[in-house]
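1. need a 3D model of the following:
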Amino acid sequence: MPYVPMPLQLHTDRLTLRPWTEPDIDAHRALVAERGGGGMPSIEENRRMIEDQRAASARTGIALLPVIRRDVGDFIGYCGLTVGRASVDEPEIAYELFQRVHGQGYATEAASAVLDAAIATGRKRLWSTVRPWNAPSFRVLEKLGFHRDHVSTEDSGELVWLTRSLP
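-> Modelled structure (predicted):
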């Protein structure tokens, strides 16, 4: 692999991003259910999703990591790098947090730590895909220096592609 693996422990003033653990399964199930559309996944479905994430991380050297508030110790979402719709060379930065913690700067703080981790891997560019209605995600990415690149359409609707070059 031409890149240094991404660290699987990241710390900010208020947050810790770390590998998935068994207790994260229930919290992640609730996060997926909050998204709407598909109901709450079963424990086994969610365990498979997390195992798939771990396997992908072992293969690619990048990861989506649970976001934990340091003062409370609770799971509030995830953030990290994934191949997603992009590539191992130019991965996507992705994040999803519970609605109850929106507007407190956690997504920007977590994504900023992931951005620094991406730079440390030696990558030269990141992507992100956002639904056109998701103004909060656009604000987070704008703060991180991402800019719109193009729009694509898939079965589930339009996607706005944003990108950022890395030093």
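
2. packing partners for the host helix or strand of residue 110?
-> Per DSSP states H and E, residue 110 falls inside helix 106-121. Contacts defined by 3 or more C-beta pairs under 8 Å, 6 or more residues apart in numbering; DSSP states H and E place helix 106-121 against strand 10-11, strand 15-17, strand 64-69, strand 75-82, strand 92-97, helix 135-143. Any C-beta I mention is one placed from the backbone N, CA and C, and that applies to glycine too.

3. quick check: mean pLDDT of the helix or strand just after that helix?
-> Sequence order places strand 125-130 as the next helix or strand after helix 106-121, per DSSP H and E. Strand 125-130 carries an average pLDDT of 97.

4. what do you get for stretch 44-57?
-> 89.

5. and it, how far out from the chain middle?
-> 14 Å (C-alpha atoms, centre = their mean, to the nearest Å).

6. ditto for stretch 132-151
-> 14 Å.

7. contacts for it?
-> For stretch 132-151, the surrounding residues in contact (C-beta atoms under 8 Å, 6 or more residues apart in numbering) are 93, 95, 102-103, 107-108, 111-112, 115, 126-128, 130, 157-164.

8. rerun at 10 Å
-> With C-beta atoms under 10 Å, 6 or more residues apart in numbering as the test, stretch 132-151 has contacts from 79, 93-97, 102-103, 105-112, 114-115, 126-131, 157-166.

9. where in this structure is pLDDT low?
-> 1, 37-38 (pLDDT under 70).

10. hmm, try it at 50
-> For the chain, no stretch has pLDDT under 50.

11. which helices and strands does the longest helix anywhere in it pack with?
-> Counting residues, the longest helix found in the chain (DSSP state H) is helix 43-60. Judged by 3 or more C-beta pairs under 10 Å, 6 or more residues apart in numbering; DSSP states H and E, the packing partners of helix 43-60 are helix 24-35, strand 64-69, strand 75-82.

12. neighbours around the residue lying closest to residue 21 once chain neighbours are set aside, how many?
-> Spatial nearest neighbour of residue 21, chain neighbours left out: residue 66 (7.7 Å); criterion: C-beta to C-beta, 6 or more residues apart in numbering. Residue 66: 22 surrounding residues under other C-beta atoms under 10 Å.

13. again, but for residue 54
-> 14.

14. how about residue 104?
-> 13.

15. the one 4 residues further on now?
-> Residue 108 is flanked by 18 other residues according to other C-beta under 10 Å.

16. now do the contacts for it.
-> Listed by C-beta under 10 Å, 6+ apart, the contact partners of residue 108 are 12, 95, 136, 139, 140, 141, 142, 143, 144.
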